[in-house]
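K.L.:
structure for this input, please:
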Amino acid sequence: MQQIIYLEVDDDITTIRNRLEWAQAPRVLLVIPRGCPALHRPLDFKLLRRQVDALGIEVALVSKDPVVQDLAYEHKFSIFSTTKRGQRARRWRKAGEGEILRPPARPQPRWSLGSALEKNPSLRRALRVARQVLASGIFLIVVGVLILGAYLVVPGAKIVLMPASEVVSVTVPLTASPTVEAVDVEQLLLPARIVEARVEGRAQIPTTGTKDAPDAPATGTVVFINRSAVSVTVPKGTAVSTSAGTPIRFLTLEDVTLPPTVGGIARVGVQAAEPGPIGNVGVNLINRVEGPMAVKVRVTNDEPTGGGTVKQASMVTPADKERLRAALLQQLQQKAYAAMTEELSESEFVPAESLQVELILVENYDKFVEEVADTLGLEMRIVVSGVVIDEADAEPLMLKMLHSQVRSGFDLLPETIHLQRGQVIGVRQEDRAVQFVMEGTGVMAAHLDVSLIQEAIRGQTVEFAQDYLRANVPLRAEPQVTLSPEWLPGKRIPWLPLRINVVVQAGE
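P.N.:
Numbering: from 1, shown residues only. All right, here's what the predicted structure looks like:
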């Protein structure tokens, strides 16, 4: 079983030894490429032999390098000129064995220059002179090449050009609809989606209606008449009332004791149980005693009661309810809008005009219409929906519109493109489609052919280069030409285009 290891050109003896450690066959054929410096020293072969003996494997070499072949022969390694020959050899040589596969010895020439020089002194002198002349010529050539190279390479030029530029802008009306699945560049349509948010809240406003409301209660004096011959005490807070129509009740303000005779009387002050003018009654209208005292005493008023008054009080009107409802709905929609925007990506937005109340779950007022109250409160819980639009969907459409405004010979500069969402035109209620405006701006700059400019001005004077650039290149500012190093004579643009650095400052 054999394994072939192909060495790399930059492999050395250390790499070869490491690769042999990973060999998986008892016979390894090392293929040495042309130009590989490994195994060009006796020490390399000694280290190789030591590694081979330590691993207990057989190693043969493939190389056409005479140095490698000679060293392999000296250190008793089989050497082959091709890989196929190495694979076909049934037996490789091991250390200590006498015969080895080696290429035939190269024949020695019968005549050599060394022997001729030894025999001919004049030839040696002529050869010495020729070497000196050759060395001088080579030196002059090298110096000339260096001077020429310095002339071509050292000079440099920096040309700063500001091409003519103009601002382009477009305003495009777009429609985003939940019924659209993909961007339609021709119809200016964008996809959209519906999102919902459930919110609740409470609000309170002052009432605006007014009406008469009871204020101070009526007061007066009643006369109690004893029905028996024993003394009777009528306690404070005893209720007396009228008997005609709706009873009007009064309460005594203090205890009073009647004398122990039938028909004995006593007077006591009373106050109407309810405030307002309802307690202002005429003479002898208070004639009924409530409770257990009715069997002991009779009552009457020999003077009218008075002092019951009214005042202007605030009350709830239907307009208050409508105003409060509208204000709370607006507040809840703003709350829902904030909740929706928190869940959107950076490029998405929800037009406020697209918000819609989908469902009212709770609507509770704390007062009734015409009820006397200074304030009216409302608690609501609703579901709000909105239309989500991704501005990123509009980018390819807007770029197409901007590029359509670029004139021939100009390029739109990507770093100057700015897209901005404009106002919302409207929302179609039937399909929730949102119509809005997108605005795009950018800068178009004249296209400059740098290679053509370099070819036209190379080797020319600075004045020629500046005149050429003014006449043939659309610029918005004077061209700037800088030569380096400054101490070089001639003041010309370099011959090599690669030494002409053309800097195009397209942005405004």
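K.L.:
worst-scoring helix or strand of this structure, pLDDT-wise?
P.N.:
helix 113-119 (a mean of 54; mean pLDDT, DSSP states H and E).
K.L.:
so which bits of stretch 195-212 are buried?
P.N.:
Val195, Ala197, Val199, Ala203, Thr207, Gly209 (16 or more other CB atoms under 10 Å). Where C-beta positions appear, they are placed from N, C-alpha and C, glycine not excepted.
K.L.:
looks to me like the first one is in a helix.
P.N.:
No: secondary structure assignment (DSSP: H, G, I helix; E, B strand; the rest coil) places Val195 in strand, not in a helix.
K.L.:
going forward, count from 45.
P.N.:
Okay, using 45 as the starting number, the last item reads as Val239.
K.L.:
that one touches Val394, doesn't it?
P.N.:
Yes: here Val239 reaches Val394: they are 7.2 Å apart, a contact under CB atoms under 8 Å.
K.L.:
tell me how many other residues crowd Ser528.
P.N.:
The number of residues packed around Ser528, counting by other CB atoms under 10 Å, is 14.
K.L.:
distance check, it against Leu492.
P.N.:
22 Å (CB to CB, to the nearest Å).
K.L.:
which parts of the host helix or strand of Val468 are buried?
P.N.:
Element membership for Val468, per DSSP states H and E: strand 462-472. By neighbour count with 16+ other CB under 10 Å, strand 462-472 contains the buried residues Leu463, Val471.
K.L.:
likewise for stretch 486-504?
P.N.:
Neighbour count says stretch 486-504 has Gly486, Val487, Met488, Ala489, Ala490, Leu492, Ile497, Gln498, Ala500, Ile501, Arg502 buried, by 16+ other CB under 10 Å.
K.L.:
how about the strands in the stretch 145-294 of the chain?
P.N.:
Using DSSP state E, counting those that start in this stretch, the strands of the stretch 145-294 of the chain run over 200-205, 209-221, 233-250, 253-258, 261-270, 276-278, 283-286, 293-296.
K.L.:
helices and strands around the fourth one, which ones?
P.N.:
By that I understand strand 253-258. strand 354-359 (3 or more CB pairs under 8 Å, 6 or more residues apart in numbering; DSSP states H and E).
K.L.:
quick check: what element follows the strand it packs on along the chain?
P.N.:
Per DSSP H and E, the first helix or strand lying C-terminal to strand 354-359 is helix 362-386.
K.L.:
closest to Leu542 out of the buried residues of stretch 239-256?
P.N.:
Leu542 lies nearest to Val239 out of the buried residues of stretch 239-256, by CB to CB, at 58.1 Å.
K.L.:
helix or strand for Arg93, which one?
P.N.:
Arg93 belongs to helix 86-99 when assigned by DSSP H and E.
K.L.:
partner strands of the following helix or strand past that helix, with direction?
P.N.:
Once helix 86-99 ends, the next helix or strand along the chain (criterion: DSSP H and E) is strand 102-106. Sheet neighbours of strand 102-106, with direction, are listed as strand 71-75 (parallel), strand 122-124 (parallel) (DSSP bridges).
K.L.:
deepest in the core, which of these is it.
P.N.:
Ranked by mean neighbour count under mean count of other CB atoms under 10 Å, the strands paired with strand 102-106 are led by strand 122-124, which reaches a mean of 24.
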